[in-house]
Every structure is written in C-alpha cells, then in structure tokens.
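Asks: What follows is a predicted protein model with its sequence.
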Amino acid sequence: MTEKVELRLTDAKLPGERVLYGVLAFRVGGVRTTMIGGAAGLAGSAGAATMAVITSRGRAAAPDVPLRLPGRIIIALTDQRLLVFSVGGVIVGKPGKILHSFALDQVAWVGEPELIPGAAQALRVQIGMAGVGVLAFEHPRLQVTEGRNMIKRLVRELPQSPAAWNF
C-alpha cells in the first residue's frame with residue numbers, strides 16, 4: 001500500500017517528503033461490522049481520554065471530539081505528516097481523496113494501541129490532534145502488525161518523542 005500512497009501523492013507531496021507507511025484501516029467499530037456484520041461496533045472515540053497516553057509534548061490539548069471518517073480509510077505516514085485517505089477502487093483498495101492532512105507537530109498525543117481479540121481482531125488506535133480532535137481508527141487482523149509498526153514509527157518521528165515506551 002505504501003507504493004500506492006507514493007503514486008497517489010505524486011502531485012501533492014511536500015518538498016523532500018518520503019512516504020513511510022500506507023495501511024488500510026476502518027473507523028472504530030468498522031472491523032467488527034465488516035467482519036461479523038450487523039454489529040454497531042465496540043466503542044466510540046469518546047474513550048480517548050481514558051487511553052494511556054504514551055506521548056504528550058505539552059502542546060494544546062486535543063479536543064475529545066472524534067474526527068468524522070468513512071467506513072474504510074487508508075492511513076499514511078510520511079516523514080512530514082500523517083494523512084487520511086478515502087479508499088478508491090472497487091476490487092483492490094487504493095488511496096482516493098485526501099480527507100485529512102496533519103503536520104507531525106499537530107500530534108498532541110498518541111494513545112497506546114489496543115488489540116481487540118476475537119474473530120474480528122483489530123488494532124484500535126487513537127491519536128489526539130492539537131486543536132482539531134481525536135483521530136480514531138482500527139486496523140483489521142491482516143494489517144495489525146503493519147499498523148503497530150506504523151504507530152511506533154510515528155512516535156519516533158515526533159519532535160521530542162519520549163525515549164522509552166512499550167507496545
């Protein structure tokens with residue numbers, strides 16, 4: 001997916017920007033709804049405040065307002081920003097329209113990813129965006145490892161990133 005994000009960003013890249021990750025994701029509850037069907041989801045973004053904060057850089061707090069997302073999205077990380085794309089393509093998903101673009105210095109906090117067990121296994125992630133709200137999404141079973149690696153890389157890319165954290 002990283003290559004597809006690279007191609008999609010051809011004209012929208014910032015000078016010197018490198019794409020590090022592109023990973024399929026769903027809005028919170030979307031994996032369960034998609035994999036099991038008919039379920040309303042497990043929980044909303046309102047729980048963001050109760051998540052363990054693994055990084056907080058003293059910036060303006062992110063409001064507890066969840067950012068609106070479609071059912072399926074692609075989360076991309078570059079060395080300069082965090083991007084959210086709609087999913088284009090009928091058979092094979094590819095990055096569509098850029099829905100959100102955040103400079104890395106807008107990241108107020110990153111919650112510890114939560115592995116949701118069961119048939120609809122997912123890695124739930126919540127990221128506080130200063131002055132904007134909470135970006136909450138989950139990676140499906142086949143994307144859990146890649147999603148976890150992307151979040152670890154995001155934390156490393158942040159200015160004044162904490163030296164030690166576990167997940």
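Replies: Thanks, I have it.

Asks: can you map out the strands along this protein?
Replies: 19-27, 53-56, 72-78, 81-88, 94-103, 107-111, 114-116, 122-129, 133-140 (DSSP state E).

Asks: which residues touch the last one?
Replies: Contacts to strand 133-140, defined as Cβ atoms under 8 Å, 6 or more residues apart in numbering, come from residues 23-31, 34-35, 44-45, 48, 62-67, 69, 73, 75, 82, 84, 100, 102, 116, 120-129, 146-147. Every residue, glycine included, has its C-beta placed from N, CA and C.

Asks: Now that you've got those residues, can you turn the buried subset into something I can paste into ChimeraX?
Replies: Selection command for ChimeraX covering only the buried members of the contacts of strand 133-140, criterion 16 or more other Cβ atoms under 10 Å:
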select :23,24,25,26,27,28,29,30,31,35,45,48,62,63,66,67,69,73,75,82,84,100,102,116,120,121,122,123,124,125,126,127,128,129,146,147
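
Asks: quick revisit: which one, of the strands of the chain, ends up nearest to Leu9?
Replies: Of all the strands of the chain, strand 19-27 sits nearest to Leu9, with 6.5 Å by Cβ to Cβ.

Asks: For burial, what's the neighbour tally of the nearest residue to Arg18 once chain neighbours are set aside?
Replies: Excluding the flanking residues, the one nearest Arg18 by Cβ to Cβ, 6 or more residues apart in numbering is Asp79, at 4.8 Å. Applying other Cβ atoms under 10 Å, we find 13 residues neighbouring Asp79.

Asks: Surely Asp79 touches Glu157?
Replies: Yes. Counting by Cβ atoms under 8 Å, Asp79 touches Glu157, with 6.4 Å between them.

Asks: Alright, I will stop here.
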